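S.K.: The following comprises the amino acid sequence and a computationally predicted model.
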Protein chains: 2
Amino acid sequence: MTDRKPRRSDATRAAILTAARERFAADGYERATIRAIAADAGIDPTMVMRYYGNKEKLFAAAAEIDIRLPDLTAVPRDQVGERLARHFLDRWEHDETMAALLRAAATNGGAAQRMREMFAQQLVPVVAPVVAEACPDPAQAPARAALVSSQVLGAALCRYVLRLEPFVTMPADEVTAWLGPTLQRYLTAADPAAR
Amino acid sequence: MTDRKPRRSDATRAAILTAARERFAADGYERATIRAIAADAGIDPTMVMRYYGNKEKLFAAAAEIDIRLPDLTAVPRDQVGERLARHFLDRWEHDETMAALLRAAATNGGAAQRMREMFAQQLVPVVAPVVAEACPDPAQAPARAALVSSQVLGAALCRYVLRLEPFVTMPADEVTAWLGPTLQRYLTAADPAAR
DNA sequence: AGTGTAGGCCAACAATTGTTGACATAGCGG
DNA sequence: CCGCTATGTCAACAATTGTTGGCCTACACT
């Protein structure tokens, strides 16, 4: 139902998308040129326009991200933080699309909007039930999720974008060990002062 | 000694720098054009070139930042985290130069380099003595400082760049209340698992 | 007052960008 | 086998960019 008849140009489409993700991840939105993307994909720049309309739509297609968050209700409450930290780190390590979106979101309004949508549609709902258990006010969920975002995005920024030295070489396990308790507190602490 | 003879063009120079900071903060490095900056400053684009050489050097001049970190050794050890959080938030709130550097660092190599230097030269030294008290290994200081950076930059990213809703409207006091204990732990915990 | 120099503007260049249209070709359906 | 449409290439456009050189003006110093 959701898949259409396979087109002869599917290979080209995919090549464009792959090249676009690489370029957007490496250079950000403005510096990644359609010509460079087309060259990487081994085709003419015109094809990019034909298949994706314009640069903005190409980026939208390239930056389509599913965080694939696990079902946190199935995780022991006191391990939620570390579990989340590990998942995010793993996701970032294996999918350059995440870095592409982050880099672009810093200067491109559309990309920032996309990031906000990801937050609202994917992170908040998953996190809400966990927050609800430890905190009476259900309206707190977005704020808690935002705190989680800030630490996760900040770590990604330092590690994959700024390439801040201590953070780049630090083993993934150590990063999760440090971030885990932080996220745990953001999600399950009754108030900021509580542990 | 450090100040030179005042030049007739000092007003223009300052106007350029102010406009540059605003544009770089609002648009990032690539989208902020010299023409737009000159227009904001009410002068000809040529002046920018004459006084700052080229766009890169202009940015370097505009993004010269002193974090003005307080002397943490004079702060009670258990309040270091909150003190740092408040300082950073305040700094970001009142100086758009910080946002300019952050936005630009996401896509511009030079800006990223600048950010790393700020980290190494300003944050690490201030933080090192605090870390040394709680942790035997002096080589841990950079890693702890990097963790602090990640949370601070992440919060700034969400609040001032991505404008993630819950984070934008959250009162500054509440943000510091949440971030304080996190930074405190990154600095003074003996190991990731310790509180 | 006269002159040299710093401050400023205008026009223009070369390069790059996203984007468009006309034209070729090849493969599939009739 | 014929023709139509999808796929692809080439050349070019219009706009924008950083950047340069020439020219005018006004202030400062002798």
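M.R.: Nice, thanks for sending it over.

S.K.: tell me the mean pLDDT for the strand or helix carrying residue A:181?
M.R.: Per DSSP states H and E: residue A:181 is located in helix A:172-188. For helix A:172-188, the mean pLDDT works out to 98.

S.K.: Show residues contacting stretch A:46-59.
M.R.: For stretch A:46-59, the external contacting residues (CB atoms under 8 Å, 6 or more residues apart in numbering or on different chains) are A:9, A:12-13, A:16, A:20, A:24, A:29, A:34, A:37-38, A:61, A:104, A:108, A:110-111. Where you see a C-beta, it was placed from the backbone N, CA and C, and this is true even at glycine.

S.K.: same thing but 10 Å
M.R.: If you take CB atoms under 10 Å, 6 or more residues apart in numbering or on different chains as the criterion, stretch A:46-59 is touched by A:7, A:9, A:12-13, A:15-17, A:19-21, A:24, A:29-30, A:32-35, A:37-38, A:41, A:43-44, A:60-62, A:100-101, A:104, A:108, A:110-111, A:114.

S.K.: Just the buried residues of that stretch, please?
M.R.: A:47-48, A:51-52, A:55, A:58-59 (16 or more other CB atoms under 10 Å in any protein chain shown).

S.K.: Give me the below-cutoff pLDDT ranges for chain A.
M.R.: A:1-5 (pLDDT under 70).

S.K.: try it again with 80
M.R.: A:1-7, A:136, A:195 (pLDDT under 80).

S.K.: ok, which residues in it are in contact with DNA strand D?
M.R.: A:7-9, A:11-12, A:43-47, A:50 (CB under 7 Å from any atom of the strand).

S.K.: Drop anything exposed from these.
M.R.: Buried members of those, counted by 16+ other CB under 10 Å: A:12, A:43, A:47.

S.K.: orientation of the helix or strand hosting the first one relative to helix B:10-31 in degrees?
M.R.: Pointing back at residue A:12 there. Secondary structure assignment for residue A:12, by DSSP H and E: helix A:10-31. Angle of helix A:10-31 versus helix B:10-31, following axes from the mean of the first three to the mean of the last three CA atoms, to 10 degrees, is 170 degrees.

S.K.: residues contacting the residue nearest the centre of chain A?
M.R.: The residue lying closest to the centre of chain A (CA atoms, centre = their mean) is residue A:98, at 4.1 Å. Residue A:98 makes contact with A:21, A:25, A:63, A:65, A:67, A:88, A:91-92, A:118, A:153, A:156, A:160, according to CB under 10 Å, 6+ apart.

S.K.: Next one: residue A:25 relative to DNA strand C, how far apart?
M.R.: Between residue A:25 and DNA strand C the computed distance is 15 Å (CB to the nearest atom of the strand, to the nearest Å).

S.K.: same question, residue A:113
M.R.: Distance from residue A:113 to DNA strand C, by CB to the nearest atom of the strand: 17 Å.

S.K.: give the contact list for that residue.
M.R.: Residue A:113 neighbours (CB under 10 Å, 6+ apart): A:105, B:162-163.

S.K.: Isn't residue A:176 up against residue A:93?
M.R.: No. Using CB atoms under 10 Å, residue A:176 is not in contact with residue A:93, being 11.3 Å away.

S.K.: per the record, what domains does chain A have?
M.R.: A:10-62, A:72-188 (automatic domain parsing).

S.K.: Just name the most buried of these.
M.R.: domain A:72-188 (a mean of 19; mean count of other CB atoms under 10 Å in any protein chain shown).

S.K.: wait, what's in contact with residue A:148?
M.R.: A:81, A:84-85, A:88, A:119, A:123-124, A:127, A:131, A:179, A:182-184, A:186-187, B:154.

S.K.: What distance do you get for it to residue B:140?
M.R.: 25 Å (CB to CB, to the nearest Å).

S.K.: Also residue A:166?
M.R.: From residue A:166 to residue B:140 the distance is 9 Å (CB to CB).

S.K.: Contact partners for the residue in chain A that chain B sits nearest to?
M.R.: Closest residue of chain A to chain B, CB to the nearest CB: residue A:154 (2.0 Å). By CB under 10 Å, 6+ apart, the residues touching residue A:154 are A:167, A:179, B:147-158.

S.K.: likewise residue A:150?
M.R.: Per CB under 10 Å, 6+ apart, neighbours of residue A:150: A:182, A:186, B:150-159, B:162, B:164, B:167, B:175, B:178-179, B:182.

S.K.: Now name the helix or strand holding residue A:91.
M.R.: Secondary structure assignment for residue A:91, by DSSP H and E: helix A:80-94.

S.K.: what's the next secondary structure element after that helix?
M.R.: Assigned by DSSP H and E, the successor of helix A:80-94 is helix A:96-105.

S.K.: Beyond that following helix, next helix or strand please.
M.R.: helix A:109-118.

S.K.: what about stretch A:115-126 and chain B, any contact?
M.R.: Yes. Judged by CB under 10 Å from any CB of the partner chain, stretch A:115-126 and chain B are in contact via A:115-116, A:119-120, A:124.

S.K.: and that stretch, how far apart are its ends?
M.R.: 16 Å (CA to CA, to the nearest Å).

S.K.: who touches it?
M.R.: Outside of stretch A:115-126, the residues within contact range by CB under 10 Å, 6+ apart are A:63-73, A:84, A:88, A:98, A:101-102, A:104-106, A:108, A:131, A:141-142, A:144-146, A:148-149, A:152-153, B:157-158, B:161-167.

S.K.: can you tell me which of the residues you listed are in helices?
M.R.: In this view, the contacts of stretch A:115-126 that belong to helices under DSSP state H are A:84, A:88, A:98, A:101-102, A:104-105, A:131, A:141-142, A:144-146, A:148-149, A:152-153, B:165-167.

S.K.: This completes my enquiry, with thanks.
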